[in-house]
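Undergrad: need a 3D model of the following:
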Amino acid sequence: MSLLPAIEQETRSNPDAAVIWLHGLGADGHDFAPIVPELNLPETLAIRFIFPHAPAIPVTVNNGYVMPAWFDILEMDIDRKVDAAQLLVSAAAINRLIDRELERGIDSRRIILAGFSQGGAVAYQASLCHPQPLGGLIAMSTYFATSDSAVLSEANRDLPIEIQHGVYDPVVPQALGVRAAEFLKDRGYSVAFRTYPMDHSVCPQQIGDIAAALQRFLA
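TA: Numbering: from 1, shown residues only. Just a heads-up that it's a prediction; the model follows:
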């Protein structure tokens, strides 16, 4: 089984939960790895954090420049024309990471996906379409790029979802975060939607909300 290269951190030995955290366009797994100690999680939580690196590919909206990306972005208009086939390939790669955590003895209900921007689009697809029930989804400054085509899994109809967005985001407008939240709420999903006075980034208040969400998902 071919796996994406990734950084791993464990809050305690013998973890019984896993968080697979996907970075945004042009970054890599190192981007969010420093956030783990900032979460100030209780010592009782034994979590393996996995920060995979996306492959380097040409990105059309960046003049074909080769950079780490989960999929190609063809147009930057509000509807975000993306290479959906490539996004599905990335989602399949995340599923292989999930499979490895299952093989390591982690219950599927204690596997959480988190994703920022492009990584969040992949996390939406991977979590909501996964055939086994997962523990939760944290979608940050992102959009549900495959909402029109995703075959939603009955196993994850009760997936708790945390959506977070900056109100001044010029890269992924807040409207796209709202659109994803409304799409899911209309279909009966449990969604918490939070906004922050920031642009396309992560702020201290949000880090506290991420920590609270992880504890809630793993309670």
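
Undergrad: dump the residue contacts of C203.
TA: C203 sits next to 166, 196-197 when contact means CB atoms under 8 Å, 6 or more residues apart in numbering. To be clear about C-beta, it is placed using only N, CA and C from the backbone, and glycine gets the same treatment.

Undergrad: from the residues you listed, which ones fall inside strands?
TA: Counted as lying in strands by DSSP state E, out of the contacts of C203, are 166, 196.

Undergrad: which residues in this structure form strands?
TA: Under DSSP E, the chain gives strands at 6-10, 17-22, 47-52, 56-59, 65-68, 111-116, 136-140, 160-166, 190-196.

Undergrad: residue furthest from the geometric center of the protein?
TA: Using CA atoms, centre = their mean, the residue of the chain lying farthest from its centre is N63. It sits 25.7 Å away.

Undergrad: how near is it to I163?
TA: Per CB to CB, to the nearest Å, N63 is found 31 Å from I163.

Undergrad: same thing with I94?
TA: From I94 over to I163 the distance is 18 Å, taken as CB to CB.

Undergrad: so who does the residue lying closest to T11 once chain neighbours are set aside touch?
TA: Using CB to CB, 6 or more residues apart in numbering and skipping the chain neighbours, the partner closest in space to T11 is I47 (4.9 Å). Residues near I47 by CB under 8 Å, 6+ apart: 10-12, 15, 17-19, 41, 214, 218.

Undergrad: most surrounded residue in those?
TA: Most neighbours among these, by other CB atoms under 10 Å: V19, with 27 neighbours.

Undergrad: for beta bridges, what are the partners of it?
TA: Per DSSP bridges, the residues bridged to V19 are F49, I112.

Undergrad: is it in contact with F51, as I believe?
TA: No - at 9.1 Å, V19 does not count as touching F51 under the criterion of CB atoms under 8 Å.

Undergrad: dump stretch 128-135 to PDB, restricted to CA.
TA: Extracted C-alpha coordinates of stretch 128-135, given in PDB (Å, rounded to 0.1, in the frame of the first residue of the first chain):
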ATOM      1  CA  LEU A 128     -18.300  12.300   4.100                       C
ATOM      2  CA  CYS A 129     -17.900   9.500   1.600                       C
ATOM      3  CA  HIS A 130     -16.000   7.100   3.800                       C
ATOM      4  CA  PRO A 131     -17.600   3.700   4.200                       C
ATOM      5  CA  GLN A 132     -16.900   3.400   7.900                       C
ATOM      6  CA  PRO A 133     -18.100   5.900  10.600                       C
ATOM      7  CA  LEU A 134     -15.400   8.400  11.400                       C
ATOM      8  CA  GLY A 135     -15.000  10.600  14.500                       C
END
